[in-house]
Structure formats: structure tokens, C-alpha cells
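Student: any chance you could fold what I've pasted below:
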Amino acid sequence: MLSKLTFQLFAIALFALFHRTSAVSFNEPCTPTAFCDLSVGLVCENALCRCAQGPLTSQVSYNLEWDSGRGECVGQKESACVGTRQSPVPTGMKAIHCVDPLTCIQLPDMPLGVGSCINVPKVSLNGTSCTKDAFCDSSRSLVCTDGLCTCATSRRNTSPDYKLVWDVDNCVATIGAPCIGTNESPVAAGHKRIECIQDSECVQVSGQTPGVGTCVSTTTQNTATMMYSGIQIWTIMTMIAIVMYHN
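Tutor: Reported below is the predicted structural model:
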């Protein structure tokens, strides 16, 4: 469950929506009419605006420090953060970035987009050695399996299960397998885009969340059209040959 600090942050945000107050910045005094600028991660502590500190859950806490260059509070190592590569900003929440060069990595059993600031390689490709999922490039749907970054076969808190294969530089779904992101709905709510393998497209499945589909071959119809055209040409040529023979 979310901590008391999280509920306080939401309460302050709601209060600010309905009351005209002035927002003050980092290390400035806060009063009942001068609230800390919550949009940059500040809360009132001992009458001064400070970066939020405290537990998000029993497993992870906010450990934010002021970044004067960005003008906002940013997460330190292993701090809670909001906005991962899979889900930039969950609905109803604001982004909490990590200090460079840390990356916000999705936390298990948490809403998509809520993660922890971890130092990971910029890119981890298929077959790269790893010790945990954080070392694998989740934006390419890679997870750590038996010590190697490989394409995921499922996602926590989401459905359906994936059937992904490595194709050049990304994990993609095979023909007949589930995919995320159709022409009508590029990205389904609560999911990340899962593209289809070459010469196929993601077609919406009836009854599923908009954007959740199945990979369907785009060459089947073209092949049928070519065969039909070939039969037409063969028929015409045959008729011409018959006419010339009788003449």
C-alpha cells in the first residue's frame, strides 16, 4: 500500500487546485498561503520547502535532492521515481526523474511507471550477460533469464503473455502472437508498445483493450492477389493462343 507521505502529496495537490496560493521554491519559507511548489517535488518541512523524503512502500522510499540545473527534485540511487521507459508518466501522477546517470527502472508489483533509480548500462542487447532485469534494456522488452538478457515471455500485471523473438535490434511478436499498438490505438492504456515481426501488422482483437491485438501477416493477401493476377494473365494468353490457332 502507498505510504502516508504519498497521500500527503496528493492532498497538497488537491488543495492547490481549489485555493489560490503562491508557490515557493527550494529552501524558501512555506506558510498557509505560500505553498511549496509540488510540481518540482517540494514539500513543507520545518517551515522550509524541501525535497520529499520518506517511504513510498515498505520496499522503497523517496530520497530526493534538489537539482539546481533542472530546477526540480531528482531521485538519488535506489530512490523511488515516477516515469520509466515503459510508461513515461502514469495517469494521475507527476514525473519524478532520477539524477544523471541513473535510470528509473520499473518495480515489480507496482503500477506501471513507478520504479527505482538504478545505475544501468545505456543499452543491453540480446545475449548480454546480466544478474537481474535492471541490467537488460526494458525498452526493448528484454529481461534477465539464466544470466542472459533475452526477450520477455510475459509481463507482470499485464496480459496477454508475449511470444517475442529478437529481430535486428528489438524484441518483436511473431505472427499469430499478441501485440500492443494497432493502427487505431497506437499504445494501449497500461501497456508498452510491442511491435510485430517484419511483413506483419498488429490487428485489434475484438473484446480486448483498444490497442491489444494479434500479429497478422501482410504478405498473405498480396500473395493471393498475385496468384489471382497470374491466373488472369494465363487465361488471357491461352485465349489469344486459341484464337490465333483457329485463324
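Student: could you use CA atoms for every contact and neighbour count after this?
Tutor: Noted.
Student: from the chain's centroid, how far away is stretch 108-118?
Tutor: In terms of CA atoms, centre = their mean, to the nearest Å, the gap separating the centre of stretch 108-118 from the centre of its chain is 11 Å.
Student: measure it end to end?
Tutor: Stretch 108-118 stretches 14 Å from its first residue to its last (CA to CA, to the nearest Å).
Student: which stretches in the chain count as helices?
Tutor: Counting by DSSP state H, one finds helices in the chain at the ranges 4-18, 219-246.
Student: Pro88 - nearest residue in space that isn't next to it in sequence?
Tutor: Leaving aside its chain neighbours, Pro88 sits nearest to Gly113 (6.2 Å; criterion: CA to CA, 6 or more residues apart in numbering).
Student: that neighbour and Cys49, how far apart?
Tutor: The separation that Gly113 has from Cys49, given CA to CA, amounts to 26 Å.
Student: what of Ser39?
Tutor: For Ser39 relative to Cys49 (CA to CA), the value is 12 Å.
Student: same deal with Pro108?
Tutor: When CA to CA is the yardstick, Pro108 and Cys49 sit 31 Å from each other.
Student: also Leu64?
Tutor: 13 Å.
Student: out of Ser39 and Cys49, which sits in the more crowded spot?
Tutor: Neighbours were counted for Ser39 and for Cys49 using other CA atoms under 10 Å; Cys49 has more, 25 against 14.
Student: and that one, what does it touch?
Tutor: Listed by CA atoms under 8 Å, 6 or more residues apart in numbering, the contact set of Cys49 reads 24-30, 36, 42-43.
Student: what's the lowest-pLDDT member of those?
Tutor: pLDDT across these is at its lowest for Val24, which sits at 83.
Student: that one touches Ala34, doesn't it?
Tutor: Yes - applying CA atoms under 8 Å as the test, Val24 and Ala34 come out as touching, 6.3 Å apart.
Student: contacts only, for Arg50.
Tutor: Contacts of Arg50 by CA under 8 Å, 6+ apart are 26-27, 42-44.
Student: okay, now the unreliable bits of this structure?
Tutor: By pLDDT under 70, the weakly predicted segments of the chain are 1-22, 85-86, 90, 121-124, 154-161, 188-191, 220-247.
Student: domain parsing of this structure, as residue ranges.
Tutor: Residue ranges for each domain of the chain read 1-119, 153-247, as given by automatic domain parsing.
Student: centre of the chain to the longest one, how far?
Tutor: Using CA atoms, centre = their mean, the distance from the centre of domain 1-119 to the centre of the chain it belongs to is 20 Å.
Student: list the contacts for Gly71?
Tutor: Gly71 is in contact with Val40, counting by CA under 8 Å, 6+ apart.
Student: distance check, it against Asp37.
Tutor: In this structure, Gly71 and Asp37 are separated by 11 Å, where distance is defined by CA to CA.
Student: over to Lys132?
Tutor: If you measure Lys132 against Asp37 using CA to CA, the figure is 36 Å.
Student: alright, I will stop here.
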